[in-house]
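Chemist: can't give you the sequence, but here's the structure:
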Ligand code: KG4
Ligand code: ZN
């Protein structure tokens, strides 16, 4: 089954063709990072406008790189939740229109569930016109029960999958997502947007023990909280440069030295990663899953991968970075398993839902 997938929930316009939920035939991602970097974060109206400009060429490129025409495509999948409303509307409208014109079944896909399915892509078409042939993919699909640590710009959660569509949310963040904490801390210490990649590269040269930062203590062992850690960085930077807590955070970057900046990046990253791995390790001990996967933009973090592999007694095969940050390949992978269980949706009936927990999807069957 060849699925053409479309993703436009935030600041990446993406399309991909995926076969049978595991074989990648093409994956095109048009990132808007440069457009938003000048504002220090994603501007929703600007994002929607940029999606409109590029969505058709991106979809055509995905077909072309897969050496396919519409007659080779069996179904269309599109992200309908969660995300920025204007951005979601562009992708879903394109998908609905194409489904009607080409008379294809259409599947609405939940973005956060889909992040997990990046881990199910184990093959890439070597004859593709793009560079997907050089991706370093896992050698086999994860087995159930599967523990998923989902860590993105909008979500931090631990989910136990018994089977496809059959999962339990063990815990989630009570305030900021971990990716959001990377982005906000980067701003405080004067590193460019998006904060995740810039903190992780600055942290390589830094002293991760120079600043003592707290780990949140919560009554539920699987829940997260990152807003206290972010505030602790803010207070520590203010202290370090000799100002009080009323000093505006946007004036701090100019006052800290390069050495302080990289030491803050390393100290913050150490505590954020340790927190995530502590929770994953606890869930691993409690539920003895047969596989562990990480998903979402923060799963691209090398320190997180290193520490998780070091502390968990099983071998983890990580998805390539390109499939951890937003992309359409993960949408196409999940759509295959979704389509085995759920009927397609009438293109005229699809509505976007900017805020929707993954436990509220048509696919989810709580264990
Ligand atoms: O999954 P994603 O691309 O978009 C959302 O669905 O949110 O995740 C984006 C988040 C951003 O907060 C970004 O800073 C973070 O992922 N991120 C990273 C890294 N690369 C991206 N965080 C830590 N280390 C990285 N290498
Ligand atoms: Zn995402």
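Modeler: Sure thing, it's come through. Since this is a predicted model, take the numbers as computed values, not measurements. Ligands and ions are numbered 1, 2, ... in the order given.
Chemist: any low-confidence regions in the chain?
Modeler: Along the chain, segments meeting pLDDT under 70 span 366-367.
Chemist: Strands of the protein, residue ranges please.
Modeler: All strands of the chain, identified by DSSP state E, fall at 2-7, 12-19, 23-31, 75-81, 106-110, 123-124, 146-151, 156-163, 166-172, 291-295.
Chemist: So which elements touch the last one?
Modeler: Contacts of strand 291-295 with other secondary structure elements, assessed using 3 or more C-beta pairs under 8 Å, 6 or more residues apart in numbering; DSSP states H and E, are made with helix 111-117, strand 146-151, helix 302-311. Using the backbone N, CA and C atoms, a C-beta is placed for each residue, glycine as well.
Chemist: what does the fourth one give?
Modeler: Packed against strand 75-81 by the contact rule (3+ C-beta pairs under 8 Å, 6+ apart) you find strand 2-7, helix 85-102, strand 106-110, helix 111-117, helix 329-341.
Chemist: What are the neighbouring residues in contact with the residue in the stretch 151-300 of the chain that ligand 2 sits nearest to?
Modeler: Residue of the stretch 151-300 of the chain nearest ligand 2, by C-beta to the ion: residue 152 (4.4 Å). Going by C-beta atoms under 8 Å, 6 or more residues apart in numbering, residue 152 touches 112, 115, 177, 179, 295-298.
Chemist: repeat for residue 298
Modeler: Residue 298 is in contact with 151-152, 178-179, 182, 196, 276, 304, 324, counting by C-beta under 8 Å, 6+ apart.
Chemist: Number of residues surrounding residue 165?
Modeler: 18 (other C-beta atoms under 10 Å).
Chemist: Same check on residue 172?
Modeler: Residue 172 has 19 neighbours, counted by other C-beta under 10 Å.
Chemist: isn't it right up against residue 224?
Modeler: Yes. Look at residue 172 against residue 224 with C-beta atoms under 8 Å: they come within range, at 6.8 Å.
Chemist: Find residues that contact each of the two.
Modeler: 156-157.
Chemist: one step back: in JSON lines, list the strands of the chain along with distance to residue 271.
Modeler: Listed next are these as JSON lines, based on distance: least, C-beta to C-beta, whole Å:
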{"stretch": "strand 2-7", "distance to residue 271": "31"}
{"stretch": "strand 12-19", "distance to residue 271": "28"}
{"stretch": "strand 23-31", "distance to residue 271": "28"}
{"stretch": "strand 75-81", "distance to residue 271": "31"}
{"stretch": "strand 106-110", "distance to residue 271": "30"}
{"stretch": "strand 123-124", "distance to residue 271": "36"}
{"stretch": "strand 146-151", "distance to residue 271": "14"}
{"stretch": "strand 156-163", "distance to residue 271": "14"}
{"stretch": "strand 166-172", "distance to residue 271": "18"}
{"stretch": "strand 291-295", "distance to residue 271": "18"}
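Chemist: Please name the nearest non-neighbouring residue to the residue of the stretch 151-300 of the chain closest to ligand 2.
Modeler: Distance criterion C-beta to C-beta, 6 or more residues apart in numbering; nearest residue to residue 152, sequence neighbours excluded, is residue 296 at 3.1 Å.
Chemist: so who does the one you found touch?
Modeler: Listed by C-beta under 8 Å, 6+ apart, the contact set of residue 296 reads 112, 115, 150-153, 155, 179, 324.
Chemist: now, which of the residues you listed sits nearest residue 20?
Modeler: Taking C-beta to C-beta as the measure, residue 20 sits nearest to residue 115 out of these, at 19.5 Å.
Chemist: OK, contacts around that closest one?
Modeler: Applying C-beta under 8 Å, 6+ apart, the residues near residue 115 are 150, 152, 295-296, 299, 324, 330.
Chemist: Can you tell me, leaving aside adjacent residues, what's nearest to it?
Modeler: Nearest non-adjacent residue to residue 115, counting by C-beta to C-beta, 6+ apart: residue 295, 3.9 Å away.
Chemist: What distance do you get for that neighbour to residue 91?
Modeler: Look at residue 295 and residue 91: by C-beta to C-beta, to the nearest Å, they are 20 Å apart.
Chemist: And the helices in the stretch 251-367 of the chain, which stretches?
Modeler: 258-287, 302-311, 321-324, 329-341 (DSSP state H, counting those that start in this stretch).
Chemist: need these in CSV with mean neighbour count and distance to ligand 1, can you?
Modeler: Formatted as CSV, the helices of the stretch 251-367 of the chain follow (neighbours: other C-beta atoms under 10 Å; distance: least, C-beta to the nearest ligand atom, whole Å):
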stretch, mean neighbour count, distance to ligand 1
helix 258-287, 20, 8
helix 302-311, 16, 7
helix 321-324, 21, 7
helix 329-341, 26, 9
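Chemist: got the ones you listed as TSV, with distance to ligand 2 columns?
Modeler: Below are these laid out as TSV (distance: least, C-beta to the ion, whole Å):
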stretch	distance to ligand 2
helix 258-287	16
helix 302-311	16
helix 321-324	9
helix 329-341	9
